[in-house]
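Peer 1: Show me how the following folds:
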Amino acid sequence: MADDFKNILNQEPAEQTRLTVFLLIILLVVAVVAAVILSRPWWEKHGNRAAQPPPLPAPRQTMQNPQQQNFRAICVLASNKSLEEARQKGYVLLAHTKDPALTASLETLLGQLNIELILSQAPMPEKVEYVVQPGDSLERIARKFKTTVDLIKKSNALQRPVLHSGDRLLVFKGTFNLAISKSRNDLVVKVNDRFFKRYRVGTGKFGRTPIGTFVIAEKIEQPPWWRPDGKMIPFGDKENVLGTRWMSLQATNTTNAVRGYGLHGTWEPETIGQQASAGCVRMVNSEVEELFLLVPIGTHVAITE
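Peer 2: All right, here's what the predicted structure looks like:
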C-alpha cells in the first residue's frame, strides 16, 4: 500500500486524482464490510429479540367466591342424593348470602329438594313415624296431623287407601303458610315459617286481587266455573277458566270478606307472571296440582301489594 502511494505521488496530477478516488472507494467498502462483520453478534442478539412477539402476561388466577364454592358443593350433594344434608347446608347458605343471583339459585334448588323429600319415603325433620291404630283411616290421620290424604298416600307410596293396624307411616307434621305478592306475581310457600318453595303466579287486572289475610276454605279437583251471570260451566268445557284445581279463599281477622276469589290453575300459562285475571291467583296446572296435594284446608294465606 505504501508503494502505491509513492507511485501516486510520482504520477501526473490528473492520474493522481483518479487513483486517489479509486483507493478511497476501496477503503470505504472495506470499512463497511468490517463494520457489518463486527456488529453481527449484537444484531443477532437484539434484532432477534425485536422480531419475536412480546411475551404474554401470566394469567391472573381467578378469585373464587367461597359462597359459590359452597353452592357447587351443595349441588354435588344433591346429585349424589344426599338430599337432607344438601337441604340443611342450602338453608345455612341462604341465610348468609346477600347475592340476589345466588339467592334465586338457592331457592330453586331448595324448592326441588323439598318437593323430592316431602313426596318420597325419605326421612326429613318435619316427618314423624306413625303406627296405625285400630280404626284409623287416612282421613283421620290427616286431620290429626293437619296434613292431606294425598300427601300421606304419595309420601308412603300407598297404592290403596286400605290401612292395617300396626302399619308404619311417615307423616308430615309441618305447618304450611302461603305469601303472595301482587307486584312480583309470585307465591312463596313456607313450612314452620321457613322458605319451602317459590312459584310464579298471575294476579288480577288493575289490582283486583284482594289483599289481606285469608285461609283456604275449600279444595276442588276438576272444578266447575260459574260465569258472572250465574251459569255453571263444567270442567273440561273450553269456556271453563279454572284449570285443574281450585282452592277458595276466606278472609280472616280484619280483612274485608271476599266471595269468589281463590287459587286455581289456568289453560293460559302465558299469563303467568302478569296481572291478567279477573282477580283470582292463577298458577300453571302442574304447579297448582302440586300445591293442592301439599296444603290442607285451613292453610293461612297472606296477599300483599
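Peer 1: and the residue lying closest to K197 once chain neighbours are set aside, how many neighbours?
Peer 2: Leaving aside its chain neighbours, K197 sits nearest to G111 (3.6 Å; criterion: C-beta to C-beta, 6 or more residues apart in numbering). Just so you know, the C-beta spots here come from the backbone N, C-alpha and C atoms, and that holds for glycine as well. The burial count assigned to G111 is 17, neighbours taken as other C-beta atoms under 10 Å.
Peer 1: So what does G111 have for phi and psi?
Peer 2: phi -60, psi -40 (degrees, to the nearest 10).
Peer 1: Also E85?
Peer 2: According to degrees, to the nearest 10, E85 has phi -60, psi -40.
Peer 1: same check, this time on G230
Peer 2: phi 100, psi 0.
Peer 1: start at 45 instead
Peer 2: Understood, numbering begins at 45; the last thing we discussed is G274.
Peer 1: what about it, how many neighbours?
Peer 2: Residues within reach of G274, counting by other C-beta under 10 Å, total 6.
Peer 1: gap between it and G304?
Peer 2: Counting by C-beta to C-beta, to the nearest Å, the gap from G274 to G304 is 11 Å.
Peer 1: Is E334 in contact with N158, as I believe?
Peer 2: No - applying C-beta atoms under 8 Å as the test, E334 and N158 come out as separate, 11.0 Å apart.
Peer 1: So those two - more neighbours on which side?
Peer 2: Counted by other C-beta under 10 Å, E334 and N158 do not tie: N158 has more neighbours, with 22 against 18.
Peer 1: For the nearest residue to the more buried one once chain neighbours are set aside, grab the count of nearby residues.
Peer 2: Excluding its sequence neighbours, the residue lying closest to N158 (C-beta to C-beta, 6+ apart) is F240, at 5.2 Å. Residues near F240, counting by other C-beta under 10 Å, number 22.
Peer 1: does F240 sit in a helix or strand, and which one?
Peer 2: strand 238-244 (DSSP states H and E).
Peer 1: Would you mind listing the outside residues contacting that strand?
Peer 2: Residues outside strand 238-244 that contact it (C-beta atoms under 8 Å, 6 or more residues apart in numbering): 135, 138, 151-152, 154-155, 158-159, 220, 229-234, 316-317, 327-328, 331, 335.
Peer 1: Buried only: go through these for me.
Peer 2: Among the contacts of strand 238-244, those scoring as buried are 138, 151, 154-155, 158-159, 220, 229-234, 316, 327-328, 331, 335 (criterion: 16 or more other C-beta atoms under 10 Å).
Peer 1: In strands, which of the residues you listed fall?
Peer 2: Residues of the buried ones among the contacts of strand 238-244 located in strands (DSSP state E): 220, 230-234.
Peer 1: Partner strands of the strand holding F240 and their direction?
Peer 2: Applying DSSP bridges, strand 238-244 is found paired with strand 230-235 (antiparallel).
Peer 1: So for the strand it pairs with, mean pLDDT?
Peer 2: In this model, strand 230-235 has an average pLDDT of 98.
Peer 1: average model confidence for stretch 308-315?
Peer 2: 95.
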